[in-house]
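> Okay, sequence plus prediction incoming.
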Amino acid sequence: MEYVTAAPHPRSEAAGPARTGRLSLAVALLCGALGATVVLLATRQQWSEGTATVAGGSFPLTASGSDVTGVPAALAVVGLAALVAVFAVRRAGRFAVAAVLALSGAGTAVAALLGASDSSALDDKAAEVSGDTSAAVGALGHTAWPYVAAAGGLLILVAGVLALHYGRLWPAMSGRYERAAAPRPRGTAAVGDPDRPEELWKALDRGEDPTGA
């Protein structure tokens, strides 16, 4: 007895990659945008505090993330720009932009972690208020905001990794605009590609034989 194996439905074959592309795109956009927002917000908050001795008394000092280092905020902006640029390029260009996105996320996280224990910003402020260039801050303390910024950098990194792995499944703005802008010859109708699965099914719906000469 012979068994006939049904051919896989063309639409079901295309649905898997399309669904994966949409899901990865949504997650990458969410992670990239949220990560950049978190980093920019965190770098505006207080990262460290301490005291400086002035005229026999203690003068409180604080330093924000931007006082400690400007690298996380700058890389977050680069990552956000790369996330947008991913849709404007294709193939090798998209891979390169995705790599920039991933590297900016990793660099943001590393820079934020390095700034978590930095005291140079407070030392500079202590020297300024005391008038002594060798003055150092005392009672040094740090907040959790550097680690929040590092978490934002990791979100940007996740967006970059997704772009590297699934970017080939994402749409490209340039291709869409080129197709929309291309002039169609007058008096001719758009003809579909007969080899495409959707055209085969349309032919079957019309009662035609798509395999006929």
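Noted; the coordinates are in hand.

> Show me where this protein has its strands.
Taking DSSP state E as the criterion, the chain carries its strands at 46-54, 57-64, 138-142.

> I'd like the ones you listed laid out as a markdown table, including distance to R22.
To be clear about C-beta, it is placed using only N, CA and C from the backbone, and glycine gets the same treatment. Formatted as a markdown table, the strands of the chain follow (distance: least, C-beta to C-beta, whole Å):
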| stretch | distance to R22 |
| --- | --- |
| strand 46-54 | 38 |
| strand 57-64 | 39 |
| strand 138-142 | 41 |
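
> number of nearby residues for T62?
T62 has 15 neighbouring residues, counting by other C-beta atoms under 10 Å.

> Kindly list the single helix or strand of this structure that scores lowest on mean pLDDT.
The helix or strand of the chain with the lowest confidence, counting by mean pLDDT, DSSP states H and E, is helix 173-181 at a mean of 49.

> that older thread, between the strands of the chain, which one is closest to A121.
strand 57-64 (4.0 Å; C-beta to C-beta).

> Just want the angle from the closest one to strand 46-54.
Counting by axes from the mean of the first three to the mean of the last three C-alpha atoms, to 10 degrees, strand 57-64 lies at 160 degrees to strand 46-54.

> Start the count at 162 instead of 1 going forward.
Renumbered: residue one is now 162, and that last one reads strand 218-225.

> Residues contacting strand 218-225, please?
For strand 218-225, contacts defined as C-beta atoms under 8 Å, 6 or more residues apart in numbering pick out 204-214, 282-283, 286-287, 290-291, 298-300.

> and with 10 Å instead?
Under the contact criterion C-beta atoms under 10 Å, 6 or more residues apart in numbering, strand 218-225 has outside partners 203-214, 276, 279-287, 289-291, 298-304, 306.

> Compute the inter-axis angle for it and strand 299-303.
Angle of strand 218-225 versus strand 299-303, following the same axes, to 10 degrees, is 20 degrees.

> residue contacts, H326?
Contacts for H326 (C-beta under 10 Å, 6+ apart) come out as S185, A189, A259.

> Make sure the first one is actually in contact with L323.
This points to S185. Yes. Here S185 reaches L323: they are 5.1 Å apart, a contact under C-beta atoms under 10 Å.

> Overlap of the contact sets of those two?
W331.

> Same drill for the two, tell me which one is more crowded.
The residue with more neighbours, out of S185 and L323, is L323; 23 against 18, by other C-beta under 10 Å.

> Compare the strands of the chain and report which one is nearest to A263.
Nearest of the strands of the chain (C-beta to C-beta): strand 207-215, 25.1 Å.

> list the helices and strands that closest one packs on?
In terms of contacts (3 or more C-beta pairs under 10 Å, 6 or more residues apart in numbering; DSSP states H and E), strand 207-215 is packed against strand 218-225, helix 226-229, helix 252-276, helix 281-291, strand 299-303, helix 306-327.

> Which one of the ones you listed lies nearest to V199?
helix 306-327 (3.3 Å).

> what about that closest one, average pLDDT?
Helix 306-327 shows a mean pLDDT of 96.

> now do stretch 190-207
96.

> what bits of the chain have low per-residue confidence?
For the chain, applying pLDDT under 70 flags the ranges 162-177, 216-217, 293-297, 334-374.

> One more pass at 80, please.
For the chain, the stretches flagged by pLDDT under 80 are 162-179, 182, 213-220, 284, 287-301, 333-374.
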